[in-house]
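Engineer: the sequence isn't on hand, but the structure is:
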Ligand SMILES: Cc1cc2nc3c(=O)[nH]c(=O)nc-3n(C[C@H](O)[C@H](O)[C@H](O)COP(=O)(O)OP(=O)(O)OC[C@H]3O[C@@H](n4cnc5c(N)ncnc54)[C@H](O)[C@@H]3O)c2cc1C
């Protein structure tokens, strides 16, 4: 980076810090979801849409996306600086995660000019919420076996079948959809196609599903003779699997290009250090317990590992043996860490671990029990940890599939 | 969390890593490692001379004493490569002794020895004692001043490569304060050294009995700096041991994967069984984490506070990670894994060795708790 650019970056960063200091909302007076995955009420939805729009208007979301599509047209470092500033001030999560994080970068990479103009700006402004129709009731980990039918009929495709666990399904205007266009294709994968499918047409219905935490946020989505324009097809018929795999690389953080910001409440080991300092178990300060101290240090070491692995991923000579190793392990390492961390946090709260959200005596409004139950969303969603281990084993370590 | 450490990687580190990987692969094939297990000295003197010529012994020695004037951060990739190929030799003890001389030696001692060490003279440390302490709060060995110099007494353990060393830096109590003595090996009676039987058969370790050993007045290192130098030394040893573990960690995972991709049972390659596949992935991700910690510790080693935190974290992670990977390596080789011939145990033994030296993971974590909470 040139001296002038560096100066511009540090000014941008200082401005962002100031902006977030002034504009980050305090407690709205109702519970916010821990991530984009649990938007349960219209009140939460409105609040989070407004926040996202406001940040985008200020220039701190999509700063590195091209300016003709609503972005800031700046180098990635600028968005990273803005994201850092918002983390520092602990702002709410961005709810249009699927648009910002994976549909958007996918469109930027392989969308047509028209698709980019039509969709990208509204993703940033939260005008159009996006959802993802990959999983089906009978086909989850085995995504390649998806059966929802898309039949070509003149200028349209007609959709029949059902998707499930559709995050934000009831709020979304568009869905990235994996559907079967060819039943006589040479393999199950070759029969799949990828659509940018409207949710607002007749024949699409959503039914909210209650989650393990008691919250909502995803739906089962039914398609009954739903007719969508043929130009919703992305790429060509039969390329669905390829595009879906690329989408998952964005989703799992193995590939960059995201609009920025964060979509999950970030938990690191230091978020529980304060809790540990202020907690008692069985009437005694938890930090007096050597077993707890040992485990807490383990978590701090592991949390630090993950940050360091992010840094090391950018240093090529330290990744020569298995260049894709760190990026393909990223999701597995983080999500499993957060799950165990939140579980441990409950242990720290001792008897009060028995309370749940809504109880006035609960520690931090029952945050840790909720966060622990909620953490499975990330170890299951986006490809389970078991599937991630298969991927790392087969694609990084070269172990055989069968 | 920058105060816990950050990664940086210098061009020198990158170059050394590449050169050292190639060198160690060529000079330390497994047949050679196996032969040296049975050897008295435990290493190949010709390879040692080459190492000296490559300048690796002087990496962290100041230029005025014939070194390269870099830091321990640059020794880390070299030791990682040695660990990967189980290359045997007194590199770690010698590098550490040179550091201790730099930090706590008298001007005359530095002038007399650092250049020699950079050129291949072997040096080592005698810090441990039978009570097994991992710090220097109590030292039982003593030096007593007399007309000619000092009379030493006490017993030191885990003195690496002592039989080959030209000098041994010994920690003692002198006038009730910690002190360091530079003892020339030639001044030791023949019976002073006894080879210890240790878990890691790729290295050599000795018990040193000081009773009856005398040292000239010039043997005393700078006593004002002794406590500080010892503290730094222990951290340096922790860092270098970690580098060796991380190298071995990579190797034992590769070794396991080799077997998992070739051995067949029930008509299938055993690596296709998730009961083997998934723990191997866990071993791998733990290793990647350990390697990240290692290079953060190397990069931040000289930063007050951060260096200590990063180094202790790295050791704790590397010990856990290498132990797990090597433990699974034995199991995943089946009956062959239980044999002396299978290489898995070499790495498992190495992890146990490093745990025993300069504080194991639990001990590091106890220190970290005090630093972090
Ligand atoms: C919070 C949340 C949000 C989600 N949001 C969306 C969304 O927006 N859009 C969408 O399309 N999907 C979404 N999903 C669905 C998610 O991708 C699937 O749940 C996931 O891929 C697993 O599929 P499944 O539920 O059918 O479980 P199954 O595939 O039936 O798995 C059951 C168990 O078997 C294990 N298993 C399966 N196959 C293997 C194998 N080959 N090897 C080893 N173990 C195996 C799994 O790991 C799991 O433990 C979401 C899920 C969650 C939890």
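Structural biologist: That came through, no problem. Because the structure is predicted, anything quoted here is derived from the model rather than measured.

Engineer: tell me which residues in the worst-scoring helix or strand of chain A on mean pLDDT are buried?
Structural biologist: In chain A, no helix or strand scores lower on mean pLDDT, DSSP states H and E than helix A:269-278, which sits at a mean of 90. For helix A:269-278, the neighbour count (16 or more other C-beta atoms under 10 Å in any protein chain shown) marks A:269, A:271-273, A:275-276 as buried. No exception for glycine: its C-beta is placed from N, CA and C like everyone else's.

Engineer: let me know the outermost residue of chain B.
Structural biologist: Centroid-distance maximum for chain B: residue B:267 at 43.4 Å, with C-alpha atoms, centre = their mean.

Engineer: counting by contacts, list what the helix or strand encompassing residue B:310 packs against.
Structural biologist: According to DSSP states H and E, residue B:310 maps onto helix B:306-332. If contacts are counted by 3 or more C-beta pairs under 8 Å, 6 or more residues apart in numbering or on different chains; DSSP states H and E, helix B:306-332 sits against helix A:290-312, helix B:226-260, helix B:274-300, helix B:334-337, helix B:344-356, helix B:361-372.

Engineer: relative to residue A:100, how far out is the residue farthest from the centre of chain B?
Structural biologist: 47 Å (C-beta to C-beta, to the nearest Å).

Engineer: got it, and residue B:31?
Structural biologist: Counting by C-beta to C-beta - residue B:31 and residue A:100 are separated by 56 Å.

Engineer: higher neighbour count, the two?
Structural biologist: residue A:100 (26 against 8; other C-beta atoms under 10 Å in any protein chain shown).

Engineer: what sits closest to that one if chain neighbours are left out?
Structural biologist: residue A:259 (3.9 Å; C-beta to C-beta, 6 or more residues apart in numbering or on different chains).

Engineer: same question for residue B:231.
Structural biologist: residue B:136 (7.3 Å).

Engineer: any idea how far that neighbour is from chain A?
Structural biologist: 23 Å (C-beta to the nearest C-beta, to the nearest Å).

Engineer: so that residue is in contact with residue B:178, correct?
Structural biologist: Yes: using C-beta atoms under 8 Å, residue B:136 is in contact with residue B:178, at 5.9 Å.

Engineer: which residues do those two both contact?
Structural biologist: Listed contacts common to residue B:136 and residue B:178 are B:171, B:227, B:230; contacts here mean C-beta atoms under 8 Å, 6 or more residues apart in numbering or on different chains.

Engineer: who's in contact with the second one?
Structural biologist: To tie it back to what came earlier, the one meant is residue B:227. B:136, B:177-178.

Engineer: before we move on, the earlier item: need the contact list for the residue nearest to residue B:231.
Structural biologist: Residue B:136 sits next to B:127, B:171, B:178, B:227, B:230-231, B:234 when contact means C-beta under 8 Å, 6+ apart.

Engineer: burial count for the closest residue to the ligand within the stretch 101-250 of chain A?
Structural biologist: Across the stretch 101-250 of chain A, the shortest distance to the ligand (C-beta to the nearest ligand atom) belongs to residue A:140, at 1.6 Å. Using other C-beta under 10 Å, residue A:140 is surrounded by 17 other residues.

Engineer: how about it, what does it touch?
Structural biologist: So residue A:140 contacts residue A:165 (C-beta under 8 Å, 6+ apart).

Engineer: where does pLDDT dip in chain B?
Structural biologist: Applying pLDDT under 70 to chain B flags residues B:1.

Engineer: residue contacts, the residue in it that the ligand sits nearest to?
Structural biologist: As assessed by C-beta to the nearest ligand atom, the ligand sits closest to residue B:274 within chain B, at 5.8 Å. Neighbouring residues of residue B:274 by C-beta under 8 Å, 6+ apart: A:386, A:389-390.

Engineer: redo that, cut-off 10 Å
Structural biologist: When contacts are counted by C-beta atoms under 10 Å, 6 or more residues apart in numbering or on different chains, residue B:274 touches A:386, A:389-390, A:393, A:399, B:280-281.

Engineer: gap between the closest residue to residue B:295 other than its chain neighbours and residue B:300?
Structural biologist: Leaving aside its chain neighbours, residue B:295 sits nearest to residue B:7 (5.1 Å; criterion: C-beta to C-beta, 6+ apart). Computed as C-beta to C-beta, the residue B:7 to residue B:300 distance reads 9 Å.

Engineer: got any residues that touch both of these two?
Structural biologist: Counting by C-beta under 10 Å, 6+ apart, the contacts common to residue B:7 and residue B:300 are residue B:310.

Engineer: so where do the strands sit in chain A?
Structural biologist: Listed in chain order, the strands of chain A (DSSP state E) span A:130-133, A:149-153, A:156-167, A:174-180, A:192-198, A:204-209, A:218-229, A:233-234, A:280-281, A:284-285.

Engineer: if you count neighbours, what's buried in the second one?
Structural biologist: Spelled out, that is strand A:149-153. The neighbour-count check on strand A:149-153 (16+ other C-beta under 10 Å) flags residue A:150 as buried.

Engineer: any idea how far that strand is from the chain center?
Structural biologist: In terms of C-alpha atoms, centre = their mean, to the nearest Å, the centre of strand A:149-153 is set 30 Å apart from its chain centre.

Engineer: run through who's touching that strand.
Structural biologist: A:156-161, A:177-183, A:192-195, A:197, A:223, A:225-228, A:230, A:232-233, A:237, A:240.

Engineer: centroid residue for chain B?
Structural biologist: Centroid check for chain B by C-alpha atoms, centre = their mean gives residue B:241 as the closest residue, at 3.8 Å.

Engineer: hang on, isn't it packed against residue B:316?
Structural biologist: No: contact criterion C-beta atoms under 10 Å: residue B:241 and residue B:316 do not qualify, at 11.8 Å.

Engineer: what's the overlap in contacts for the two?
Structural biologist: With C-beta under 10 Å, 6+ apart, residue B:241 and residue B:316 have common neighbours residue B:359.

Engineer: the closest residue in space to residue A:158 that isn't next to it in sequence and residue A:301, how far apart?
Structural biologist: Leaving out its chain neighbours, the residue that sits closest to residue A:158 by C-beta to C-beta, 6+ apart is residue A:151, at 4.9 Å. Distance of residue A:151 to residue A:301, computed by C-beta to C-beta: 54 Å.

Engineer: can you check residue B:338 too?
Structural biologist: From residue B:338 over to residue A:301 (counting by C-beta to C-beta), the distance is 32 Å.

Engineer: who wins for proximity to residue A:120 among the helices and strands packed on helix B:306-332?
Structural biologist: Closest of those to residue A:120 is helix A:290-312, at 26.4 Å (criterion: C-beta to C-beta).
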